[in-house]
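Enquirer: Following is a predicted model, sequence given first.
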Amino acid sequence: MDRARRARRPRSVLALLTAALLAVPGITALSSAARAADADLAKNGGFESGLDGWTCTAGTTVTSPVHSGSSALQATPAGSDNAQCAQTVTVQPNARYTLSGYVRGSYVYLGANGTGTTDVSTWTQSAPDWQKLTTTFTTGAATTKVTVYTHGWYGTGAYYADDISLVGPGASTGQPPAAPTGLRTGTVTSSSVALSWSAAAGATSYAVYRDGVKVRTASGTSATVTGLAPSTAYSFQVTASNDAGESARSAAVTATTTAGTGGGSTGLPAHALVGYLHASFANGSGYTRMADVPDSWDVIDLAFGEPTSATSGDIRFNRCPVTECPNVESDADFKAAIKAKQAAGKKVLISIGGQNGQVQLTTTAARDAFVSSVSNIIDTYGLDGLDIDFEGHSLSLNANDTDFRNPTTPVIVNLISALKTLKARYGSKFVLTTAPETFFVQMGYQYYGTGKWGGQDPRCGAYLPVIYALRDDLTLLHVQDYNSGPIMGLDNQYHSMGGADFHIAMTDMLLTGFPVAGDANNVFPPLRPDQVAIGMPASTNAGNGYVAPAEVTKTLDCLTKKSNCGSYPTHGTWPALRGLMTWSVNWDRYSNWEFQKNFDAYFG
């Protein structure tokens, strides 16, 4: 939250001899027979199916320019990322392959790794129009898989690729496995169902389907499906896969989640309005007393509790001094106003962090200090819970920390531990919310930490392990859909602030779930709709990304009714979407309560 606002080579003798040999009729017939067995092994080489089959660090599909068909790859290198797109292909040992593709742009590379002999690449320094790149290689005696790729060069602008092919003898893959049998349920909670099944002969992996939609994969014969809604019936099936393909689905089993007492049972109305109240500072919006906050605000976040130092874990909440806020109320009146709000069913939380409050729990001592000091603030003011608004460099991932389900970075592990401790201390009615920026959440669809090849921003997607670990404890996630750069949605298109589509795309990702860093086998599960509120700035003064009330209404219509939608195709309809969050109450008051009034008019 802002407080203010190469040269051509001559033909070799070997090549000439090869041409002469091919003129001999018998050899010509053999060569033709060999080529007849060749096939194009690249999957989706024309990018007609989006990025299906490809893993890209910074790629999307476009409809112009294209070499053929209706789509092509566009990828944009950054200062620390060459925008590589790659796929792994099953091949035969001791076989010859030709890799080719059409590219345009500055510095575009096409190559193959893992050949078992000499890895190859070819490139062009400048291709103002479509240019064909071709290279060949022979696989090693034990090589069965090769990775083909295309990439640009650091910081040189976007490049395009289309019609990539890998031609050579296809691998003998046999038959897919039979469908698994014996699917059964295990432990069922309010948000998860454990499943197990019998092994299928020849299977190398399994996929789990929930209500007909593939939700995760497993290497063994068990998995737990998470991110489910309480008191809801679900149907599950499993398939088995190997290099030949995927089996038919198993017989279905059903399970109904329990009612649960987690983050959703905290007395909030069906649709809630959340706002941050400038309680420790003043700015151009002016100071607003707690008693003067209108009853429309269901959750009031006190901004901010800040650490004594970035790594101390010792959080202090200092109310705005009279010299800065002449109309500030006394501590007694402030506490009385909090009690009055609570008596009216409102929730008052301490928000930790903000733009200036960098919090890095690098040690267990800092973790313990965090728990102790935050508890002291909550107890002193009689608060209902805690909001985590960590920004900047508070959260980042170590280079070897690649699994959001099992984080190892101390600042992540210690934060999760601290929040679980606080939740356990105060019980089921403790309200726990968090307000990450899009860079730390939705950007995780493209990048996670330093990335497979390194060089990415280690903060990217760093909130995902925290949200995942607290999915049963989290009352609300309200991502800041503002002060954000363009973010790629599940349609593989970039979306920018300024209209309903941005909020629709960002929220759809949270409610649908998404592959992390483009890995279809590593899916961040969806949150319940009652756990999600949409973060927006209250006015043009409050932050970049303001949208007028009409665009707010479009957003809500599309997500809760699937009407009034724009260009983004949502993956569901969520009438139980919890509501809206804004920065801030003070800025909304400054703008004659425009944000609040629009919320009230919509939800009644």
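Expert: On my side now, so go ahead. Numbering: from 1, shown residues only.
Enquirer: In terms of pLDDT, where does residue 264 sit?
Expert: We have a pLDDT of 45 for residue 264.
Enquirer: repeat for the one 5 residues further on
Expert: In the predicted model, residue 269 carries a pLDDT score of 91.
Enquirer: Repeat that for residue 57.
Expert: According to the prediction, residue 57 has pLDDT 85.
Enquirer: give me the number of residues near it?
Expert: Here the count is done by other Cβ atoms under 10 Å, and residue 57 has 24 residues near it. (Each C-beta comes from the backbone N, C-alpha and C, glycine too.)
Enquirer: Looks like it contacts residue 453 (just checking).
Expert: Yes: the pair residue 57 and residue 453 qualifies as a contact (Cβ atoms under 8 Å) at a distance of 7.2 Å.
Enquirer: shared neighbours of these two, anything?
Expert: Counting by Cβ atoms under 8 Å, 6 or more residues apart in numbering, the residues touching both residue 57 and residue 453 are residue 84.
Enquirer: does the nearest residue to residue 512 once chain neighbours are set aside count as helix, strand or coil?
Expert: The shortest distance from residue 512 to any non-neighbouring residue, by Cβ to Cβ, 6 or more residues apart in numbering, is to residue 571 (4.2 Å). Under DSSP: H, G, I helix; E, B strand; the rest coil, the three-state class of residue 571 is coil.
Enquirer: I'd say residue 571 and residue 508 touch.
Expert: Yes: counting by Cβ under 8 Å, residue 571 does reach residue 508; the two are 5.8 Å apart.
Enquirer: per-residue pLDDT, the residue nearest to residue 512?
Expert: For residue 571, the model assigns a pLDDT of 90.
Enquirer: Work out for me the element residue 586 sits within.
Expert: When elements are assigned from DSSP states H and E, residue 586 belongs to helix 585-590.
Enquirer: ok, residues contacting that helix?
Expert: Counting contacts by Cβ under 8 Å, 6+ apart, the residues touching helix 585-590 from outside are 275-278, 283-288, 293, 297, 300, 537-539, 541-542, 582, 594-596.
Enquirer: Which of these fall within strands?
Expert: In strands, defined here by DSSP state E, the members of those are 275-278, 300, 537, 582.
Enquirer: Find the pair from those with maximum spatial separation.
Expert: With Cβ to Cβ as the measure, no two of the ones in strands among the contacts of helix 585-590 lie farther apart than 300 and 537, at 17.2 Å.
Enquirer: show me what contacts residue 108?
Expert: For residue 108, the residues meeting the contact criterion (Cβ under 8 Å, 6+ apart) are 123-124, 127, 133, 150-152, 159-161.
Enquirer: on that earlier part again, what residues are up against the residue nearest to residue 512?
Expert: Applying Cβ under 8 Å, 6+ apart, one finds that residue 571 lies in contact with 490, 508, 511-512.
Enquirer: Find the nearest non-adjacent residue to residue 460, please.
Expert: Leaving out its chain neighbours, the residue that sits closest to residue 460 by Cβ to Cβ, 6+ apart is residue 447, at 4.4 Å.
Enquirer: cool, residue 563 as well?
Expert: What sits nearest to residue 563 in space, not counting adjacent residues and going by Cβ to Cβ, 6+ apart, is residue 557, at 5.0 Å.
Enquirer: So the one you found versus residue 525, what's the distance?
Expert: Spatial separation of residue 557 from residue 525 under the definition Cβ to Cβ, to the nearest Å is 26 Å.
Enquirer: go on, residue 71?
Expert: Per Cβ to Cβ, residue 71 is found 29 Å from residue 525.
Enquirer: now residue 181
Expert: The span separating residue 181 from residue 525 equals 26 Å under the rule Cβ to Cβ.
Enquirer: Settle it for me: which of those two has more neighbours?
Expert: residue 525 (20 against 12).
Enquirer: what sits against that one?
Expert: Under the contact definition (Cβ under 8 Å, 6+ apart), the residues listed for residue 525 are 215-216, 225-227, 468, 471, 513.
Enquirer: now residue 54
Expert: When contacts are counted by Cβ under 8 Å, 6+ apart, residue 54 touches 44, 47, 73, 85-87.
Enquirer: now with 6 Å?
Expert: Neighbour list for residue 54: 85, 87 [criterion: Cβ atoms under 6 Å, 6 or more residues apart in numbering].
Enquirer: What's the per-residue pLDDT of it here?
Expert: The predicted local distance difference test score for residue 54 is 92.
Enquirer: Okay, and which of the contacts of residue 571 map to helices?
Expert: Residues from the contacts of residue 571 lying in helices, with DSSP state H as the criterion: 508, 511-512.
Enquirer: Relative to residue 564, which of those is nearest.
Expert: The shortest gap between residue 564 and any of the ones in helices among the contacts of residue 571 belongs to residue 508, at 14.6 Å (Cβ to Cβ).
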